[in-house]
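# the sequence isn't on hand, but the structure is:
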DNA sequence: TATGAATGAGGTTTCATTCAT
DNA sequence: AATGAATGAAACCTCATTCAT
């Protein structure tokens, strides 16, 4: 499923690679993509040299973290779907477990730089498209069920998720951790079917928000 | 109203100062507070030296832009209030004219650096407190009118505004400008009185979100 | 003996560090502490980055050079003392071999900036106190021997040494190297026991001249 | 006597010029020749523009201060000579009133930059030569009187004066003001006729120390 | 292979000097 | 003529990336 750029690694090399990716994911999510490479290396417990051996520059690190985060997120959704067949509930649960969602938001919708990198790399399309397809399926089902208002699109949901999660992220520490649920609650109330107001503007297509290799219309 | 840091400037100096502040406001809002000083100077059409003569370092530039943006925003609110007595409508209109609101969001809730600067500077309290008081008044009135749900606070609204506007900000260019209204619509539906769901967590106090010089209880 | 700030360095790093310190010592002694860092790096044959990796700012470079110079000077004194038991002769020889003495003078008595740096750093006290104790011992012995007038103190000698060596330093190149001995000769004549004039003012305490962490009275 | 570069000035212009020169003299003497021009202007109570109108660059300011300081010093000597015919006493008194002497020392022997400027400017020779001639006369007389040892030259005295005064200058504030007399005392003891030691090296010619337009041998 | 040292380009800031008011 | 604003070159320092051990 992945582009699998690292066919076989010695056990210790593998361990280092994992540490770096994990550290980078956390750091990118919490502090953005511009954190010094030296610092990422230090937090991962390796030298910069090792980091650069694995990822020749910052862009390639961002790319790998993004690919992997998409995959994790897709796995999250799968897991939820296993025990939860209601689409609205699935969306709610997904938003509640925001961890990987937040990373993806930061590395796609919320970082112009990351967006550019990913947009330039067609090998990334697979993971991305699968995610979009999945989200799209959920929304359509929730709308068919009559639980979600029908005038919002997958792209809209992408925007909203990104906005909310980013917002939550920068809150001062003490408020931060307890808050996501609250604002997701408000948002869901807005998304719920039966809302009275008519939304201005038009629905956003997913490709407009994330990046621009729209899958050839099947 | 102003802290008036520059009692009297020669006409040309005034012009340059204004250009710098305007450029910085745009640039900070669009691209964040870390844009190179040289670039701000270039876009403002002045030499770096001029920029530094007026604002001895980046922090002081951020500070001035923030103060001024708060003042502009307060003026916006006043203007709306003049022709609009309904609190809910006032909030809606305010959110629709998001320009200065977006700047303020970026420079308070959304930038840890800016937040730190402002928190360290008591001279900033005047503008800040006036804004908070105004927002607070609006919310209380809307809740008293029965148009806004009563389980949200001024701090909550601050968080939401910031989250939304920040999110909107990073959308890809073509989508960006037409979008705010749409998501504000969704949000307002969530905020509207009569919503069914019970919000988790607790209301956030304004000082928790922005910064920490709560006005001495009068 | 050393504060040993660099437990173990790779051979090449060690070589670079030494080059930098040596270059800085020369340059500080000849041209003062404000010589551009780029230039020090260039003369040491390394990039600026290397200089800054080892010494995060100018102050820390000054500090290291100072510590090391004190240590060299103490070693000089030890060496002289090994073959020379007469205190007056020791002082004379010490003044004749002015190299490290001049560096120390420049970095303590003669540079307000360096003095401030060193005064702020208690880890520096060891080297400093040892030097002062040594000098003090010499003077007391010379006075006990009846070779040095008894109305001068260690602090006085510090002032005089600094003044003379600084003066010598700025002489035009061709005159410079042959001169110290001459003026030291004049000075020593003034210091010699049996001088007729009575000195105005009072003896200076060493701490007044150098800096202000007087060793806790034992 | 002066090179008189400013034939006639309006009263206010004259006043500004004087303020600038006085401020610059103090500042150069206390803190060296590299103090920011803006700061000199501020302390003089004029704008930078005014400073630059009068002195087109730093070098020319240094030059003017130097010329004037020489003239003041010569006047000092004259004044002393009026009531004091003993050459040794004259030298002693001169050293005791160190003010202008210190400025001259800083701007000639002690500042490589200033020395270069003055050396490059033949119009400066007049003041300089007169001073040297005067000092030379005093020394010769003191030696003829048998009060000063005969193996020192005018150049030597220049070196010593400069060294001592510079040294005094950089002493920590509390010690500084009360000290010059003390070290001058020591020095004079060394200079006094009857000293036992034989000086190493050779006498320095005045031109070697100050700068290099040796007056055509008359 | 892993490490951390070295490099230098680029961003920040200061200040000598010029120029508009 | 006086002022203080504007300029840009040069110094400081950081960090992405390359390279020696």
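It's in. Note that the coordinates shown come from a computational prediction; the quantities given were computed from them, not determined experimentally.

# just checking, next helix/strand downstream of the lengthiest helix in chain A?
Assignment by DSSP state H gives helix A:58-83 as the longest helix of chain A. Sequence order places helix A:87-96 as the next helix or strand after helix A:58-83, per DSSP states H and E.

# buried stuff in that following helix?
A:87, A:88, A:90, A:91, A:92, A:93, A:94, A:95 (16 or more other CB atoms under 10 Å in any protein chain shown). For every residue, glycine as well, the C-beta is placed using N, CA and C.

# now for the residue in chain A positioned nearest to chain D, how many residues are close by?
Closest residue of chain A to chain D, CB to the nearest CB: residue A:36 (34.1 Å). Residue A:36: 11 surrounding residues under other CB atoms under 10 Å in any protein chain shown.

# just residue A:146 next, same as before
That count, for residue A:146 with other CB under 10 Å as the rule, works out to 11.

# and it, how far is that from residue D:14?
93 Å (CB to CB, to the nearest Å).

# now do residue A:115
67 Å.

# returning to what we had before: check what pLDDT the residue of chain A closest to chain D gets.
Here the pLDDT value assigned to residue A:36 is 94.

# excluding chain neighbours, what is closest to the closest residue to chain C within chain A?
For chain A, the residue closest to chain C is residue A:38, as judged by CB to the nearest CB, at 10.9 Å. Closest residue in space to residue A:38, ignoring its immediate chain neighbours: residue A:48 at 5.5 Å, by CB to CB, 6 or more residues apart in numbering or on different chains.

# thought that neighbour was touching residue A:39?
No - using CB atoms under 8 Å, residue A:48 makes no contact with residue A:39, being 9.7 Å away.

# buried ones in the helix or strand that contains residue A:49, by neighbour count?
Secondary structure from DSSP H and E places residue A:49 in helix A:48-54. Buried residues in helix A:48-54, counted by 16+ other CB under 10 Å: A:50, A:51, A:54.

# for chain B, state which of those residues is nearest.
Distances from chain B to the buried residues of helix A:48-54, taken by CB to the nearest CB, are shortest for residue A:51, at 22.8 Å.

# hmm, the closest one is touching residue A:42, no?
No - contact criterion CB under 8 Å: residue A:51 and residue A:42 do not qualify, at 9.7 Å.

# any idea how far the residue of chain A found nearest DNA strand E lies from residue A:11?
Closest contact between chain A and DNA strand E, by CB to the nearest atom of the strand, is at residue A:49 (2.1 Å). Per CB to CB, residue A:49 is found 19 Å from residue A:11.

# circling back: reformat the buried residues of helix A:87-96 as TSV; add pLDDT and distance to residue B:23.
Shown next, in TSV, are the buried residues of helix A:87-96 (pLDDT from 0 to 100; distance: CB to CB, whole Å):
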residue	pLDDT	distance to residue B:23
A:87	88	47
A:88	84	46
A:90	88	46
A:91	84	42
A:92	81	44
A:93	84	45
A:94	82	41
A:95	77	38
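
# is chain B within reach of stretch A:131-138?
No - Stretch A:131-138 is not in contact with chain B by CB under 8 Å from any CB of the partner chain; minimum separation 15.2 Å.

# so which bits of that stretch are buried?
Quick answer for stretch A:131-138 (16+ other CB under 10 Å): A:131, A:132, A:134, A:135, A:138.

# hmm, the second one is touching residue A:157, no?
Same thing as residue A:132. No - counting by CB under 8 Å, residue A:157 is not a contact partner of residue A:132; they are 10.5 Å apart.

# so where's chain A uncertain?
Across chain A, the ranges flagged by pLDDT under 70 are A:1-10, A:98, A:109-110, A:112, A:162-181, A:190-218.

# what's the domain layout of it?
Split into domains by automatic domain parsing, chain A comes to A:8-56, A:65-209.

# next, format those domains as JSON lines and append distance to residue C:123.
Shown next, in JSON lines, are these (distance: least, CB to CB, whole Å):
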{"stretch": "domain A:8-56", "distance to residue C:123": "25"}
{"stretch": "domain A:65-209", "distance to residue C:123": "35"}
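
# between those, which one is nearest to DNA strand F?
Taking the domains of chain A one by one with CB to the nearest atom of the strand, domain A:8-56 is closest: 3.5 Å.

# in CSV: the buried residues of helix A:48-54, plus distance to DNA strand F.
Output for the buried residues of helix A:48-54, formatted as CSV (distance: CB to the nearest atom of the strand, whole Å):
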residue, distance to DNA strand F
A:50, 9
A:51, 8
A:54, 11
